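1. below is the sequence, then the predicted model.
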Amino acid sequence: MYSSNESDLQKSQPPQNHYNYHSTEAIAPANIPGTWSTGLYDCSSDVPNCCLTLWCPCVTLGRIAGIVDKGSTSREACGALYAVLNVLGCACLHSRLYRSRLRKQYNLPATPCGDCLVHFFCEPCALCQEHRELKNRGFDMSLGWQENMDKQNAGVTMAPIVQGGMDR
């Protein structure tokens, strides 16, 4: 049982939250279900990704699609489709599908608003956040799905086969 001084000390200390001062969202480790590992506007936390997304969003979306669809979608085909839709002005309708799939796979909240609105108003930020999320979850975004799986399984070895004892 706590003495009154220890109890008062525990009540007076603030909870141990880690806040990112560049956004209003708390930083959460990537392995906690239900939380994004970075905020929507934390683009400066990964400058190379930010630059790639600003100049070639079709490459970023292709990388995201390849991982989210577990290799069933060609990164190049998805990126090319995005480029065509971008010229037509409706690329956000395509890219928001991958945000929805990513959220569903990792049980992430629809913050700060629905996927379609996030992509319509903040397309580059949304793509950067999705790219960072997958990267923070251990994916090498420059590789495709199969290459990531091969890399992940490269360190896995089989247990040694144990010879049976002596038989009579």
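-> It's in.

2. going forward, measure contacts between C-alpha atoms and count neighbours the same way
-> Will do.

3. and the contacts of stretch 135-144?
-> 30-31, 37, 63-64, 66-67, 71, 75, 131, 134, 148 (Cα atoms under 8 Å, 6 or more residues apart in numbering).

4. what residue lies at the spatial centre of the chain?
-> For the chain, the residue nearest the mean C-alpha position is residue 133 (1.8 Å; Cα atoms, centre = their mean).

5. just to revisit the earlier point, quick check: ChimeraX command selecting the buried ones in the contacts of stretch 135-144.
-> Selecting only the buried entries of those in ChimeraX, with 16 or more other Cα atoms under 10 Å as the criterion:
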select :30,37,63,64,66,67,75,131,134,148
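
6. need the contacts of stretch 135-144 in CSV (columns: distance to residue 52).
-> Formatted as CSV, the contacts of stretch 135-144 follow (distance: Cα to Cα, whole Å):
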residue, distance to residue 52
30, 22
31, 25
37, 20
63, 11
64, 13
66, 17
67, 17
71, 21
75, 15
131, 11
134, 16
148, 20
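
7. next step: the contacts of stretch 135-144 restricted to helices.
-> 63-64, 66-67, 75, 131, 134, 148 (DSSP state H).

8. which of those residues lies closest to residue 92?
-> Set against residue 92, the nearest of the ones in helices among the contacts of stretch 135-144 by Cα to Cα is residue 64 (14.0 Å).

9. nearest spatial neighbour of that closest one, chain-adjacent residues omitted?
-> Distances taken as Cα to Cα, 6 or more residues apart in numbering place residue 131 nearest to residue 64, at 6.2 Å, with adjacent residues excluded.
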